[in-house]
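Visitor: Fold the following.
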Amino acid sequence: MRIGAHVDSADPLAEAAARGADAVQFFLTDPQKYNSPKPREDAERIRASEVEVFVHAPYIVNVASPNNRIRIPSRKLLMAHARAAAELGAKGLIVHGGHVGAGADLAAGFANWRKAFEYAESEGGLPLPVLIENTAGGDNACARRFDDLARLWDEVGRFGAGFCLDTCHAFAGGEDLTGIVDRIKSITGRIDLIHANDSKGGFDSGQDRHDNIGNGKIDPELVVAAIRASGAPAIVETPGGVEGQTADIALLRERAGS
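Guide: Modelled structure (predicted):
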């Protein structure tokens with residue numbers, strides 16, 4: 001069972017060593033901009049490392065959007081990041097489930113997700129798994145409520161889409177963490193990664209505010225149970241830098257029996 005952290009991208013392997021992490025996640029570009037990633041000088045070193053690597057797509061990516069000025073660049077950016085992540089030997093590219101505009105029909109967002117995978121196939125296919133992540137807020141989100149997630153999977157499951165469970169997002173999004181792994185697997189058939197985060201916001205608050213394990217509103221044992229039940233690697237996206245994340249990794253590793 002691999003447990004690691006979201007780290008700065010400048011030297012992710014050094015960041016992993018500083019935390020005692022055996023997995024890392026990082027951005028390849030500014031997460032708020034439509035920048036395509038550039039080749040990395042450390043690519044060979046990252047590929048050769050025993051540290052398991054995940055790449056997070058920019059937050060700005062929203063392939064579900066009904067606005068073609070957002071949707072089309074998002075598709076292209078997703079492909080660019082998938083290719084760059086594959087060059088690093090990454091196990092997956094995490095991307096948020098996205099949303100449609102206020103008052104828009106969510107069905108359009110689900111269809112746009114399908115079209116994003118169809119676009120990827122037309123461009124030669126995705127070189128690594130794309131892991132769709134559940135989100136915390138918004139009534140117009142494609143992957144906040146699990147009944148909506150099921151509708152999304154009806155569109156994308158056939159393309160081999162993967163899933164990333166964020167425990168903070170689920171809790172703040174109004175989904176009970178008890179037995180959550182079985183509920184998700186009944187929809188997606190898989191969980192590829194856990195974002196193991198506590199939540200500063202309360203249950204169903206819609207607040208995407210991560211906290212260190214045991215400091216927020218989530219019972220730590222529910223986070224540990226999700227890691228155990230999924231058998232997936234876990235990444236903490238928690239505050240406190242090296243000190244805070246090292247403590248979170250150690251706590252999860254001890255309680256999960258890793």
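Visitor: Which element, helix or strand, includes Ile235?
Guide: Per DSSP states H and E: Ile235 is located in strand 234-236.
Visitor: For that strand, give me every contacting residue.
Guide: The contact list for strand 234-236 (Cβ atoms under 8 Å, 6 or more residues apart in numbering) reads 1-6, 23-25, 54, 193-197, 213, 227, 245, 248-249, 252, 256. In this view, the C-beta of every residue, glycine as well, is placed from N, C-alpha and C.
Visitor: elements contacting the helix or strand following it?
Guide: Toward the C-terminus, strand 234-236 is succeeded by helix 241-256 as the next helix or strand (DSSP H and E). Packing partners of helix 241-256 (3 or more Cβ pairs under 8 Å, 6 or more residues apart in numbering; DSSP states H and E): strand 3-6, helix 12-19, helix 220-230, strand 234-236.
Visitor: Need the ones you listed in TSV (columns: mean pLDDT, distance to Phe163 and mean neighbour count).
Guide: Output for the helices and strands packed on helix 241-256, formatted as TSV (pLDDT from 0 to 100; distance: least, Cβ to Cβ, whole Å; neighbours: other Cβ atoms under 10 Å):
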stretch	mean pLDDT	distance to Phe163	mean neighbour count
strand 3-6	98	18	26
helix 12-19	98	23	19
helix 220-230	97	10	20
strand 234-236	98	14	30
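Visitor: okay if I get these as TSV plus distance to Ala86?
Guide: Compiled in TSV, these are given as follows (distance: least, Cβ to Cβ, whole Å):
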stretch	distance to Ala86
strand 3-6	19
helix 12-19	16
helix 220-230	23
strand 234-236	19
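Visitor: where do the strands sit along the stretch 51-200 of the chain?
Guide: Applying DSSP state E, counting those that start in this stretch to the stretch 51-200 of the chain gives strands spanning 52-56, 93-96, 130-133, 162-166, 193-195, 198-199.
Visitor: Quick check: which of these is nearest to Asp148?
Guide: Nearest to Asp148 among the strands of the stretch 51-200 of the chain is strand 130-133 (11.8 Å), distances taken as Cβ to Cβ.
Visitor: Can you give me the buried ones in the closest one?
Guide: Buried residues in strand 130-133, counted by 16 or more other Cβ atoms under 10 Å: 130-133.
Visitor: Go through the residues you listed and say which is closest to Asp166.
Guide: Closest to Asp166 out of these is Glu133 (5.7 Å), distances taken as Cβ to Cβ.
Visitor: Could you find the closest non-adjacent residue to the closest one?
Guide: Spatial nearest neighbour of Glu133, chain neighbours left out: Cys164 (4.2 Å); criterion: Cβ to Cβ, 6 or more residues apart in numbering.
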